[in-house]
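Novice: Give me coordinates for this.
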Amino acid sequence: MNHTIQNLEASFQDVKSENSVLKDKIYSLNSSFYQYNFTYSDSFQRQKQFDELQLLQQQQDYMIESMNHTFQNLEASFRDVQSANGVLNGRLDSLNSSFLQQNHSSVDYITKELQLQTQNLSLSLMELNKSRSEDIETLRNIIRSREQDVPKNITSVVNSLKLNDRYLSLSLLDLQNNISMIGTLLQEQQRIQSNQHKLLQMEIQNLTYSFNKSTILLSNLQTRQETTVAFTAGVCNIPGDNKVFSPGQTVIFRQIIYQVGGGYNPSSGIFTAPKTGLYVIFCTNVAEYHETFWTKIMINGSAKAGVMALLRSSNVYIYQSASNLVVHLLQMGDRVWIQVRSGNHLCSDSPETTFSVVMINGSF
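Specialist: Just a heads-up that it's a prediction; the model follows:
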């Protein structure tokens, strides 16, 4: 019986050792998977496979828990056997004491009873040993099955992860190519925008130059309009006008055709220079039909030029005309007019006879 108990203890130690080895293998597999899963933890597919491995680990934990429960049962049975052994030893001690006190006939009865109890105990130990052997064998079969299934499952998961990693690498390569293409397009777009910006700047510069030039021209034009002095007036049939002239008389040009800058008085026929400058003075005479009309261009009472519409022959029946001009520097306040030298009548149906003064340079 002691030998049987020793065998049970040895078997129990073997089961514990196998359980420890199995735990080490499971821990090693889990460590390898966790290490691999850490590298590829950013994939949804790897997360799914990780969940499958966790389920497998839960099954393994359940199996280990069942094994531990079996071991606990074996330990309880072993303790029961030890307790029974202690009881038998006590009874043997009691029987030995009784044997010393009783006769030989009582010894035979006690010996038979002891043998019977020993046989019953041996049968119980054999049944327990058989049950333990069957449990251990079942456990070993489960462990061998799990040891075969776990590497296969892990290998399948690892291969799947490698395949997914390959797909991910290809996707990353495509993404890099797309990013490179987008970068090239952006550079080309930036180049086009830069050229357009340069063209726009040039156009803005040209428009600015044109605007400044126009502004200067407009300013010059306004300045010229402000500084320009000019007029043209004519003699025409106006009721109340003197239609008969005499020598020394000032010709009054009442009809102003154009005037800017002032200076001409249509009532007196005299132009007074409003500004100092270089002026052109121009006069045209048209004598009445079959007559002569001679005038002088007067500046401050001094005759500067004559305008003579001369009839050379009394046998010629036409309208005579004549024109003349003077370029003269006038000071502000100088006076200019047209004075009759000879003749009596001017053609005045419309402004044929005219008087004009234009300032051509006011920088003096």
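
Novice: Which SSE is immediately downstream of the longest helix anywhere in the chain?
Specialist: If you go by DSSP state H, the chain has its longest helix at helix 104-227. Taking DSSP states H and E as the definition, the helix or strand that follows helix 104-227 towards the C-terminus is strand 230-234.

Novice: Each with direction, which strands does that following strand pair with?
Specialist: For strand 230-234, the pairing partners within the sheet under DSSP bridges are strand 255-260 (antiparallel), strand 354-361 (antiparallel).

Novice: quick check, distance from stretch 262-273 to the centre of its chain.
Specialist: Stretch 262-273 has its C-alpha centroid displaced from the chain centroid by 73 Å (CA atoms, centre = their mean, to the nearest Å).

Novice: In it, which residues are buried?
Specialist: Residues of stretch 262-273 classed as buried: 263-264, 269-273 (neighbour count, 16 or more other CB atoms under 10 Å). C-beta coordinates here come from the backbone N, C-alpha and C atoms, glycine included.

Novice: likewise stretch 272-292?
Specialist: Using 16+ other CB under 10 Å as the test for burial, stretch 272-292 gives 272-273, 275-277, 279, 281-288, 291-292.

Novice: picking that back up, next, the angle strand 354-361 makes with the longest helix of the chain.
Specialist: For helix 104-227 and strand 354-361, the angle between their directions (axes from the mean of the first three to the mean of the last three CA atoms, to 10 degrees) works out to 130 degrees.

Novice: mind checking pLDDT for Asn96?
Specialist: Model confidence at Asn96, expressed as pLDDT, equals 62.

Novice: Show me the domain layout of the protein.
Specialist: The record, using automatic domain parsing to delimit domains, assigns the chain the ranges 2-178, 227-361.

Novice: can I assume Thr295 sits in a strand?
Specialist: Yes. Read with DSSP: H, G, I helix; E, B strand; the rest coil, Thr295 is one of the residues of a strand.

Novice: what residues are up against it?
Specialist: If a contact means CB atoms under 8 Å, 6 or more residues apart in numbering, then Thr295 has 251, 283, 285, 306-308, 338-341, 343 as its contacts.

Novice: I'd like these laid out as TSV, including distance to Leu200 and secondary structure.
Specialist: Rendered in TSV, the data for those read as follows (distance: CB to CB, whole Å; DSSP: H, G, I helix; E, B strand; the rest coil):
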residue	distance to Leu200	secondary structure
Val251	64	coil
Cys283	58	strand
Asn285	63	strand
Gly306	66	strand
Val307	62	strand
Met308	67	strand
Ile338	61	strand
Gln339	66	strand
Val340	69	strand
Arg341	70	strand
Gly343	71	coil
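
Novice: In JSON lines, list the residues you listed along with pLDDT and distance to Met332.
Specialist: Listed next are the contacts of Thr295 as JSON lines, based on pLDDT from 0 to 100; distance: CB to CB, whole Å:
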{"residue": "Val251", "pLDDT": "93", "distance to Met332": "24"}
{"residue": "Cys283", "pLDDT": "96", "distance to Met332": "22"}
{"residue": "Asn285", "pLDDT": "91", "distance to Met332": "28"}
{"residue": "Gly306", "pLDDT": "94", "distance to Met332": "27"}
{"residue": "Val307", "pLDDT": "94", "distance to Met332": "26"}
{"residue": "Met308", "pLDDT": "90", "distance to Met332": "31"}
{"residue": "Ile338", "pLDDT": "96", "distance to Met332": "21"}
{"residue": "Gln339", "pLDDT": "96", "distance to Met332": "22"}
{"residue": "Val340", "pLDDT": "94", "distance to Met332": "27"}
{"residue": "Arg341", "pLDDT": "94", "distance to Met332": "28"}
{"residue": "Gly343", "pLDDT": "89", "distance to Met332": "33"}
